[in-house]
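Student: Test case, fold it:
(chains A, B and C)
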Amino acid sequence: MSAADPLAPPRVRGWKRLPVVRQLRQSVGLQRGMLVTGLVITGLFLLTALLAPFLAPYGYAQLQGADGRNFGAQVPPSAAHPLGTTVGGFDVLSRVIWGAQTALGAIVVAVLLSIVVGVLLGLVSGYFGGWLDRILVVVADAIYAFPTLLLAIVAAIVISGGQSSLGGGILAAAISITVVFIPQYLRVVRSEVVRVKSEAFVESARVIGSSSVRIMVRHVLRNSIRTLPLIITLNASEAILTLAGLGFLGFGIQPTKAAEWGYDLNKSVSDVAAGIWWTSVFPGVAIVLVVLGVTLVGESLNDLSDPRLRSRRRARRAAPAVATEPAP
Amino acid sequence: MTESRVESDAVRIRDLDVTFATDGGDVHAVRDVSLQVRRREVLAIVGESGSGKTVTAKTILRLLPETALTSGAVVLDGTDVLRVSGQRMRELRGTDVAMVFQEPSTALNPVFPVGWQIAEGLRAHARISRAQARTRAVDILRRVGIPDPETRVNYYPHQFSGGQKQRVVIAMALVLNPSVIVADEPTTALDVTVQAEILDLLRRCRDEFGAAVVLITHNMGVVADLADRVSVMYEGRVVETAPVEELFSAPREEYTRRLLAAVPRLTLAAKPAPVGQARRTGGEAIVAAHGLVIEYPGRLAQKAFRAVDDVDFDINAGEVLGLVGESGSGKSTIGRAIAGLTRVTDGSLAVFGTELRGAGERRLRPLRRDIGFVFQDPATSFNPLFTIAQAIAEPLLVHGAASGAAAARGRVDELLEQVQLPGAFGDRFPHELSGGQRQRASLARALALDPKLLIADEPTSALDVSVQARVLELFAELQQRLGFACLFITHDLAVVDQVAHRVVVLHRGRIAEQGPTPEVLGAPRDPDTRRLLASLPVPDPREQAARRAARLAAESRRP
Amino acid sequence: MSTTIEVPPVSPPAVPRGRRRNRPSGLLLYLLVRALLIIPTVFILVTLVFFLMRSTGDPITAALGGRLPADQLQERIREAGYDRPLLVQYVDYLGQIARGDFGRSLSDGRSIGEIVVTFGGATLELAVYALLVAFVVGVPLGMLAAKLRDRWPDATLRVLAILAYATPVFFAGLLLKLVFSVWLNVLPVAGRASTRVQIQFDSMPNPTGIYLIDAIRLGDGNAIGDVLWHAILPGLALGLLTAGIFLRLVRTNMIDTLGRDYIDAARSRGVGEFRLTRTHAWRPALIPIITVIGLQIALLLGGAVLTETTFEWRGLGFQIAQYLQARDFVAVQGMVVVLAIIVAVTNFVVDVIAALIDPRVRY
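Tutor: Take a look at the predicted model:
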């Protein structure tokens, strides 16, 4: 191919080689717009979660003001309660803000747990192949093809002990989500490992006489986890949606343990028919925004990591009609 | 209609400039190029990668990506294709100018029958009934030499062999009788015997169909075989344009001379005897294969695929053994088996006296210290996350020849110097090196532990010819100096002639012929070897014309 | 809510691809292997669900613990056989399932089979409406986005697709209800039919449970309209979510095929841009799209549970939520197993369709 081979890219070192930072520098036009929007929303979400104690006017389980009087149920937005109160008498704004903390906690625990287990299994399965690999793949495929929400419900039943106390807390919710995610990480990491394994540099390491462990760790693993930032963002958004789904079905976190958007939406179903909109709209919008932000980051990373999907700057002069094939 | 336009040029390119936007900034791919293609002539545009030849050719059909910016004029039958509307451009494509692609397997849509795909081109330009389209598709398939076209017209692309696919692609280009066919490296993906057939077919495009052909290639043998005139491109500019015989016999420009000098040719000169350890008579061979069989297991109920079948050969100390054959002949499999990457199914394969049949990793590991391997694709044979120095130090660390990366650095610099790379390159990452540089680094890594045996699997086939010439020179020099034995795997007979003391010709997993290089290539006894040699286009138009005539005569004699 | 943006398509395993010509037995072999693969899939899920659910104790304690005296509880546990070793119960359970017996609900005593027959139609109907919306909206828009990639219509469509995905289906449902049922008051809040029509259905002999079909069989125009009227919001809520996924799926795969050499090859012969997109790029893209859509069936069922709960659409999902509330884990387990079988069989059918339209598998 004698088409313009891109010149060797300029040498970039240090923090500029980090994922996300590198892609941000690479991006142009609309793709950069999407990535920046996503990063801003995600950043706001992180800040809200971390600063919830300072931002929220009340506690998530607080029913009374400093004056000792109850907030009252289903109070429309007012100066004291900018987003109104819920049917249970909680302050909506406070629960939306505290909910960010719950969501972040669930994401972090779920993603960390599933990465550790999933990457390990994927690496072993993909590298050694054989019977273990086949069994793991069939199991992962079976779980993968199954409605994740139902599986998360089953896991939630198990973790909350099957007993009457439903308040498993963030950890329980996160573990339920993890069960669902491990097969996904396994699949993705495994297919990467299988791809990397057949590359000439791994064969070259085998010819040199490197041990299996050395090849796995030094050559295969590091080259197989390049898509992880992408999967993490995707699974983060799924984690939020699964958490909310569990909460909506009543398998989430008790209101006294933490604020959870899905639970609040569950409680607002009957409000809607009565025209009480503030109890559902705000927690719902919070979910949508966070998932939107995280997904925008993930989609942009996906595009930028794939040369076929990455758009490039046009040549500098304004393109006249002769430049390209006009699309119909 | 064709006759009335005979006088004018088929294509006239004036002051063409193309710039691409890339990650690394703008790339000025084509600079100020002017060319004429006359009617019924084959104009070859030759050049190395990055010379802008493909971009120039694609401009004729306006098929460049959106990131390209063009100026100048490309006049096709009086129409400047850079300035016409999209609708007019569509009318021109197929009827006035058509294209043949490099890789026939990707140029055909895998989910439609070839007949349908041919008919699409017809339907794009005229209302035509299904039956008519089919008749014309069958007709054109027959004319490009597809046997039994009435049945094959309903076949899907994967049901054809590589050479037949390229015939189908050419049929699609021919079906509307275009005045110009742009052929972009039409034979690069094909074996040399198939290449010869496709070149014959392209010649018929000119002679029987009356089309002008713009032939994009890097292969001087192909140029000598097919072209009427040649334009040489370098770094986006046309360096020289001349009739083919003139270009080969009296190149005007320095660059053209260098390019021609770099092309490997069959000289059939005897090599100096293997160096290093004198061949001890009766001494143990470095590699000894007897009745070697290698099979790839089939999946499910299918039979195993026998890649290597009953092969005997030896490699002696200090000797370069060339292993040649077409794709699928099993040559790479043998190299991989010696390196312990593929298991031996049957027979015997001894390396340094150790039997590899049934050998486990434990028995292989000590052998690996003495085996170096150079892979075909320099782009993938380095871990992208390691610096060159780390990669070269890897064998030293693995075999305990150095305690750490820092301790290995002295030896690494020595090795880099040996392959004529500056020591500073050690701190670079693989993607920061060119293909030729990477292949030198690959050689340095293979030689890190002073191996007794080097396996080179098509080490230069991904490189440009001038780069290939320098790498081969370096290889020969190092082999002389260090005296390692070498298995040199290649599909290129001219390369093997240049480097190997002895040669083994493989055909479908079996040995067709083996012996000293000048003997085998100079006076082949086996018909497969003869055919292989006859198909190889030599970079000399006059000689090639004679060879072609001889080959065609020989083929017509065969039933 | 299982959505990855690019699900690695399940490649037909062990298909003799490419080289082998004219071997229809390759296809038969593939179909056979693929059909047999249903068994381990179901087996794994049944095993997983069984041991997960049992790891917390027996279902009777879970449902009635604290409400019955301990001795009565023990009596009932013994009657149901939950005091036997877990492995014995497991083998017993597998045998039951092999015979098509998925157990009996603790709370209302109905058999799971009966529940599935009664409420399956409703879920099927909802899924069909949603798929219809998803195809009509998602596929053309995905093609458009791929064709105009990186221009503003593409960016807009992508953000809309992400929004569709980012909106939990129950929140979308609540918003739709709020706007159309409460504020504008033009569509029903919940349910599958108005009371009058519902009574007609209940008195029907041999109802299918698919209300549209039942209404047509009644020959009552009003009933047909009423049923469709009730289906709009649930169909939209679940359909738009799926449409967002389809849009992205179609877009990614179309961008891939639009960049292939064969598109340039067809373009070089004068084939128009519309036809290139609509036919030449679409058909090859269809194979991975169909395969991934198969995996989305699972998502659709998960979404159906939430949608049915939001709109009180009395299907399988609504029932599962009910049994969950009642802590009737025998019923939940039975229905989860039935859904697992449905998903496995649907995936099989989808893979077979994908294989049938792929000439490389067919020949």
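
Student: quick one, helices of the stretch 201-328 of chain A?
Tutor: Assigned by DSSP state H, counting those that start in this stretch, the stretch 201-328 of chain A shows helices spanning A:212-214, A:222-224, A:228-248, A:261-273, A:278-305.

Student: secondary structure class for B:Leu190?
Tutor: Here B:Leu190 is recorded as coil under DSSP: H, G, I helix; E, B strand; the rest coil.

Student: Also B:Ala261?
Tutor: Going by three-state DSSP: B:Ala261 is helix.

Student: coming back round to it: just name the most buried of the helices of the stretch 201-328 of chain A.
Tutor: helix A:228-248 (a mean of 26; mean count of other Cβ atoms under 10 Å in any protein chain shown). All C-beta spots, glycine's among them, are computed from the backbone N, C-alpha and C.

Student: tell me the mean pLDDT over that helix?
Tutor: Mean pLDDT, helix A:228-248: 83.

Student: Of the helices of the stretch 201-328 of chain A, which is nearest chain B?
Tutor: Of all the helices of the stretch 201-328 of chain A, helix A:222-224 sits nearest to chain B, with 5.4 Å by Cβ to the nearest Cβ.

Student: can you redo the helices of the stretch 201-328 of chain A as a markdown table with distance to B:Gly404?
Tutor: Listed next are those as a markdown table, based on distance: least, Cβ to Cβ, whole Å:
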| stretch | distance to B:Gly404 |
| --- | --- |
| helix A:212-214 | 14 |
| helix A:222-224 | 19 |
| helix A:228-248 | 29 |
| helix A:261-273 | 53 |
| helix A:278-305 | 33 |
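
Student: Could you export those helices as CSV, including distance to chain C?
Tutor: Formatted as CSV, these follow (distance: least, Cβ to the nearest Cβ, whole Å):
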stretch, distance to chain C
helix A:212-214, 25
helix A:222-224, 14
helix A:228-248, 4
helix A:261-273, 5
helix A:278-305, 4
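
Student: In contact with the residue nearest the centre of chain B, which residues?
Tutor: The centre of chain B sits closest to B:Thr188, judged by Cα atoms, centre = their mean, with a distance of 5.0 Å. The neighbourhood of B:Thr188, defined by Cβ atoms under 8 Å, 6 or more residues apart in numbering or on different chains, consists of B:Gln102, B:Thr217, B:His218, B:Asn219.

Student: so is the first one in a helix, a strand, or just coil?
Tutor: Taking three-state DSSP as the rule, one finds B:Gln102 in the coil state.

Student: what about the residue lying closest to it once chain neighbours are set aside, neighbour count?
Tutor: Nearest residue to B:Gln102 in three dimensions, chain neighbours excluded: B:Glu185, at 4.1 Å (Cβ to Cβ, 6 or more residues apart in numbering or on different chains). Using other Cβ atoms under 10 Å in any protein chain shown, B:Glu185 is surrounded by 22 other residues.

Student: Could I get the full set of helices for the stretch 51-200 of chain A?
Tutor: Counting by DSSP H, counting those that start in this stretch, the helices of the stretch 51-200 of chain A are A:52-55, A:92-128, A:130-144, A:148-159, A:169-197, A:200-208.

Student: Residue of the stretch 51-200 of chain A nearest chain B, please.
Tutor: Taking Cβ to the nearest Cβ, the stretch 51-200 of chain A has A:Ala200 as its residue nearest chain B, at 4.0 Å.

Student: distance of that residue from C:Ile44?
Tutor: 36 Å (Cβ to Cβ, to the nearest Å).

Student: Same check on B:Arg167?
Tutor: Distance, B:Arg167 to C:Ile44, using Cβ to Cβ: 49 Å.

Student: Surely A:Gln31 touches A:Glu299?
Tutor: No: between A:Gln31 and A:Glu299 there is no contact under Cβ atoms under 8 Å: 9.2 Å.

Student: Now the common contact residues for those two.
Tutor: Counting by Cβ under 8 Å, 6+ apart, nothing touches both A:Gln31 and A:Glu299.

Student: For the chain, give me the ranges with low pLDDT.
Tutor: Here I'm looking at chain A. A:1-20, A:26-28, A:160-169, A:252, A:305-328 (pLDDT under 70).

Student: Let me rephrase: I mean chain C.
Tutor: Using pLDDT under 70, the flagged stretches of chain C are C:1-26, C:65-66, C:362-363.

Student: Specify the angle between the strand or helix carrying C:Gly302 and helix A:228-248 in degrees.
Tutor: Using DSSP states H and E, C:Gly302 sits in helix C:282-311. With axes from the mean of the first three to the mean of the last three Cα atoms, to 10 degrees defining the directions, helix C:282-311 sits at 30 degrees from helix A:228-248.

Student: name the helices or strands packed onto whatever helix or strand comes next after helix C:282-311?
Tutor: Following helix C:282-311 in sequence order, the next helix or strand is helix C:316-325 (DSSP H and E). If you count contacts as 3 or more Cβ pairs under 8 Å, 6 or more residues apart in numbering or on different chains; DSSP states H and E, helix C:316-325 packs onto helix C:112-147, helix C:282-311, helix C:329-356.

Student: mind checking which of the ones you listed is nearest chain B?
Tutor: helix C:282-311 (4.8 Å).

Student: is that closest one up against chain A anywhere?
Tutor: Yes: residues of helix C:282-311 are located near chain A by Cβ under 8 Å from any Cβ of the partner chain, namely C:Leu295, C:Ala298, C:Leu299, C:Leu301, C:Gly302, C:Val305, C:Leu306, C:Thr309, C:Thr310.

Student: residues of that helix that come out buried?
Tutor: Neighbour-count burial for helix C:282-311, with 16 or more other Cβ atoms under 10 Å in any protein chain shown as criterion, is recorded at C:282-311.

Student: give me every residue that touches whichever residue of the stretch 451-559 of chain B sits closest to chain A.
Tutor: The nearest approach of the stretch 451-559 of chain B to chain A comes at B:Ile455, 8.1 Å away (Cβ to the nearest Cβ). B:Ile455 is in contact with B:Gly335, B:Ile338, B:Ala339, B:Ile371, B:Gly372, B:Phe373, B:Val374, B:Cys486, B:Leu487, B:Ile489, counting by Cβ under 8 Å, 6+ apart.

Student: Go through those and say which is closest to B:Lys303.
Tutor: For these, the minimum distance to B:Lys303 (Cβ to Cβ) is 24.2 Å, reached by B:Gly335.

Student: Now do the host helix or strand of that closest one, average pLDDT.
Tutor: Take DSSP H and E as the rule and B:Gly335 turns out to sit in helix B:331-338. Mean pLDDT, computed over helix B:331-338, is 92.

Student: Could you do stretch B:142-156 as well?
Tutor: 92.

Student: just stretch B:30-42 next, same as before
Tutor: Stretch B:30-42 comes out at a mean pLDDT of 92.

Student: same thing with stretch B:480-500?
Tutor: If you average the pLDDT values across stretch B:480-500, you get 91.

Student: can you give me the offset of it from its chain's centre?
Tutor: Stretch B:480-500 has its average C-alpha position 17 Å from the chain's average C-alpha position, going by Cα atoms, centre = their mean, to the nearest Å.

Student: Of all the residues in that stretch, which ones are buried?
Tutor: B:482-500.

Student: now stretch B:146-162
Tutor: Buried residues in stretch B:146-162 (16+ other Cβ under 10 Å): B:Ile146, B:Pro149, B:Arg152, B:Val153, B:Tyr155, B:Tyr156, B:Pro157, B:His158, B:Gln159, B:Phe160, B:Gly162.

Student: Can you redo those residues as a markdown table, where the extra columns are distance to chain C?
Tutor: Shown next, in a markdown table, are the buried residues of stretch B:146-162 (distance: Cβ to the nearest Cβ, whole Å):
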| residue | distance to chain C |
| --- | --- |
| B:Ile146 | 15 |
| B:Pro149 | 17 |
| B:Arg152 | 11 |
| B:Val153 | 14 |
| B:Tyr155 | 8 |
| B:Tyr156 | 4 |
| B:Pro157 | 9 |
| B:His158 | 5 |
| B:Gln159 | 5 |
| B:Phe160 | 9 |
| B:Gly162 | 12 |
